[in-house]
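*Asks:* here is my input, please return the structure:
(3 chains)
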Amino acid sequence: MEWLNGVTIGVVLFVIGLLALMLRRDLIVKLLGLGLINTSVILCLISLGYYTRGVAPIITGKPGQIYIDPLPQALVLSAIVINLAILALSLVFVMILVERYHTTDSVKIAQQVEQERSHDQEHIR
Amino acid sequence: MTTLQGLLLLLPIIAIFALTRRRPLGAILGMGVFSLLLAGVYLLSHAPDVALVEVAVGAAFLAFYILAVRKKGKLMVIGDETPYLFYRKGEDVAGLEYEILRGFADKLGLDLEILFVPRQQVHKWLISEDADIGAGGVIPTTSEKSNLLISDGYLKTRLFHISSRSVDGRVAGISGSHALEEIENKNGMADPYAYFSDLCAGIDHGEIANCSVDLVRFIALDHQALTNYDIKRDSEDLCYVFTVSPGEKEIYEELNTYIKRLRSSGELDTIIARYLG
Amino acid sequence: MIVRKRLTVQNTIAVIVALIFLVVVLFSFSFIGRRPGAGEQFIRQGVEDTGAVNIVAAIYLNYRLFDTIFEILVFALAVIGVRFHLHAIKDKRPRLKEALFISESHIVRVAGDLLAPVVALIGLFLIVTGHLAPGGGFSGGALLGTVILLLAVARGGERVGRRLNEDVVDRLEQIFLVSIIALSALSPLFGRPFFANFFPLGEPGRLLSGGWILLYNLLIGGKVFIGIWVMMYCFIRHRGDV
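*Replies:* Okay, the predicted model is just below:
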């Protein structure tokens, strides 16, 4: 069972998020897929430092303990926060699109934008 | 297999389950569960700091998404007050139409929002797609030339023409048709009897020469005040309907099937009996 | 029909590309586990250098404070963006008092009242002991933000929103943000380089230790608490109700 670790699962989650991003038409599900991709990278980084017999990097002073590598964890904290910030902002952009086109379906929104554009061009002529 | 590996195996399963939901709300809740499990994975990976941040961020995130998504899920109903069908009762709304719409909104999983406006404005609101459904004893008359979608009827009704024997005055047409009011408005006849209560007061004071009212409003009229009036019953059989905003074809079809199902299950008859006896 | 056919072709290509990506990446990851040297230096010298027992907090707020400050700036930018754009799409529908029906459940209200102080205490504890145990400014602040959401669900968003004076909240947010940045720029006055701790380190394991990590945790906690609450309040107000 060596192969079943955070890195492989992280890559699988990345692919699931990528597929959701490409195949689903709902913008909100697309955003969730984007968040999943970010999460999968974080999981990979955390698992790279994971060591079965290690303990969390909080120094207790007991001798003979092996601590987990603290660097990826500290790195990942910033990534999670930025993930939250970016997705909240893009959620607002989705809400603006919904306000204007009354749907979250990306294909329908694209069609409406296309119609508007052709309408504008006729108007200019 | 360790606990950590078991949790890791669950992650892709829940992710696939969540991201294949048809409704966004299901996907969001699924990702909330995913976030919680992920925090467990971090904890077992000896990263308690990251696990705590993941829990807090997951909770905040779930709140953002749910607040943003349920904005869309609103069924805006607009209409004027109609006795027995759609009326205010203290802080709440009651009536036959209200019960039907309440059940309909529950079935679609939408929040019901109700706005009472004068009858003339209903048409405008529906055309501009600011509201979804128009209610309040609507009858599709022959003069209905609007492009609103008109649902199946749910209750039979008649028109009553009331004409005064003594007064020559205004014509008031509370007949239930939005378009009719629009035409009258264009002719420059500002209707002072926008609400039904105004009409009642007008009849009490004997100001009204002619008016047409529908069945429920006729029942609710004060019959004492009608002694001075001639009452003619229209022979045409009509139905009460809902009007649906032209942009909401899906809601229109859902509403028709909902009314059909209510009628076939006999539920409609029990609601009608409760309000109209 | 043509559109549907094109979409099917696109979807097939997407699935193939994703699977190729999966295979390539999976086989390129051949290393995992403990590699000596990777974070050894922080483990060996972290307590001595920073005075904080929690090495993650030591890296986050001492060794790599530069990264953290820009992360806070990104977060502040997101809060500004959410506020700005949600104000731009104001609801067109006029709201009447009688048009809104807030369903108030007693169970939810009582549970909210009981849980809110407990969760708030946990949040404060996480902020204060960020350098000794897992936790820290961000998780504690986000937890405090969700406490306000809990209150809003139990009591109604408007009622909770009215309590928080908007001007005061704005001013506090600015003060937190400015002091987070200014504190790191004060170091040269004490003969240290920029972004370097100038507080006394203290005895490791005590509450007052770890230099400025405690102070930074408090500032970041306040900033994140206000930021999360402001974003949430914008979403609530845009919906009209919780």
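*Asks:* would A:Thr52 count as being in a helix?
*Replies:* No - read with DSSP: H, G, I helix; E, B strand; the rest coil, A:Thr52 is coil and lies in no helix.
*Asks:* show me what contacts it?
*Replies:* Going by C-beta atoms under 8 Å, 6 or more residues apart in numbering or on different chains, A:Thr52 touches no other residue. Where C-beta positions appear, they are placed from N, C-alpha and C, glycine not excepted.
*Asks:* now the residue most central in space within chain B, which residues is it bridged with?
*Replies:* Against the mean C-alpha coordinate of chain B, by C-alpha atoms, centre = their mean, the closest residue is B:Val77 at 3.3 Å. Beta-bridge pairing of B:Val77, defined through DSSP bridges, involves B:Ile114, B:Ile133.
*Asks:* and for B:Arg88?
*Replies:* B:Val93.
*Asks:* check C:Asn54 too.
*Replies:* Counting by DSSP bridges, the residues bridging with C:Asn54 are A:Ile58.
*Asks:* packing partners of the worst-scoring helix or strand of chain C on mean pLDDT?
*Replies:* Using mean pLDDT, DSSP states H and E, helix C:157-163 stands out as the lowest-scoring helix or strand of chain C, at a mean of 70. Counting contacts by 3 or more C-beta pairs under 8 Å, 6 or more residues apart in numbering or on different chains; DSSP states H and E, helix C:157-163 is packed against helix C:137-155, helix C:213-239.
*Asks:* chain B versus the most centrally placed residue in chain C, what's the distance?
*Replies:* With distances taken as C-alpha atoms, centre = their mean, C:Phe138 lies nearest the centre of chain C, 4.3 Å away. Distance of C:Phe138 to chain B, given as C-beta to the nearest C-beta, to the nearest Å: 6 Å.
*Asks:* ok, back up a step: restrict the least confident helix or strand of chain C to CA atoms and write it as PDB.
*Replies:* Extracted C-alpha coordinates of helix C:157-163, given in PDB (Å, rounded to 0.1, in the frame of the first residue of the first chain):
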ATOM      1  CA  GLY C 157     -28.500  39.700   9.600                       C
ATOM      2  CA  GLU C 158     -29.800  43.200   9.800                       C
ATOM      3  CA  ARG C 159     -30.000  43.200  13.600                       C
ATOM      4  CA  VAL C 160     -26.400  42.000  13.900                       C
ATOM      5  CA  GLY C 161     -25.200  44.300  11.200                       C
ATOM      6  CA  ARG C 162     -26.700  47.400  12.900                       C
ATOM      7  CA  ARG C 163     -24.700  46.600  16.100                       C
END
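*Asks:* now it, how far from the centre of its chain.
*Replies:* 22 Å (C-alpha atoms, centre = their mean, to the nearest Å).
*Asks:* contacts for the next helix-or-strand element following that helix, please.
*Replies:* Downstream of helix C:157-163, the first helix or strand assigned by DSSP states H and E is helix C:166-185. With contact meaning C-beta under 8 Å, 6+ apart, helix C:166-185 is reached by C:65, C:69, C:72, C:76, C:79, C:194-195, C:212, C:215-216, C:219-220, C:222-223, C:226-227, C:229-230.
*Asks:* helix C:166-185 to helix C:213-239, inter-axis angle?
*Replies:* If you take axes from the mean of the first three to the mean of the last three C-alpha atoms, to 10 degrees, helix C:166-185 sits at 150 degrees to helix C:213-239.
*Asks:* buried ones in helix C:166-185, by neighbour count?
*Replies:* C:172-173, C:176-177, C:179-180, C:183-184 (16 or more other C-beta atoms under 10 Å in any protein chain shown).
*Asks:* how about stretch B:34-43?
*Replies:* Buried, per 16+ other C-beta under 10 Å, within stretch B:34-43: B:34-35, B:37-43.
*Asks:* what's in contact with that stretch?
*Replies:* Taking C-beta under 8 Å, 6+ apart as the rule, stretch B:34-43 contacts A:6, A:36, A:39, A:43, A:46, B:4, B:7-8, B:10-11, B:14-15, B:18, B:48, B:50-52, B:54-55, B:57-58, B:61-62.
*Asks:* contacts only, for the residue most central in space within chain A.
*Replies:* Compute the mean C-alpha point of chain A, and by C-alpha atoms, centre = their mean the closest residue is A:Gly35, 2.1 Å away. For A:Gly35, the contact set (C-beta under 8 Å, 6+ apart) comprises A:17, A:83, A:87, B:31, B:61.
*Asks:* what stretches of the stretch 151-277 of chain B score poorly on pLDDT?
*Replies:* B:164-195, B:197, B:206-210, B:222-225, B:277 (pLDDT under 70).
*Asks:* show me where it has its strands.
*Replies:* Using DSSP state E, counting those that start in this stretch, the strands of the stretch 151-277 of chain B run over B:155-157, B:159-164, B:170-173, B:208-214, B:229-233, B:238-244.
*Asks:* and among those strands, the most buried is which?
*Replies:* strand B:238-244 (a mean of 23; mean count of other C-beta atoms under 10 Å in any protein chain shown).
*Asks:* okay, angle between that one and strand B:159-164 too, please.
*Replies:* Using the same axes, to 10 degrees: strand B:238-244 against strand B:159-164 is 110 degrees.
*Asks:* and strand B:238-244, how far from the chain's centre?
*Replies:* 13 Å.
*Asks:* can you tell me which helices and strands it packs against?
*Replies:* Checking 3+ C-beta pairs under 8 Å, 6+ apart, strand B:238-244 ends up next to helix B:96-108, helix B:119-127, strand B:133-138, strand B:149-150, strand B:155-157, helix B:249-264.
*Asks:* shouldn't the residue nearest to the centre of chain C be in contact with C:Gly222?
*Replies:* No - contact between C:Phe138 and C:Gly222 fails when scored by C-beta atoms under 8 Å: they sit 11.4 Å apart.
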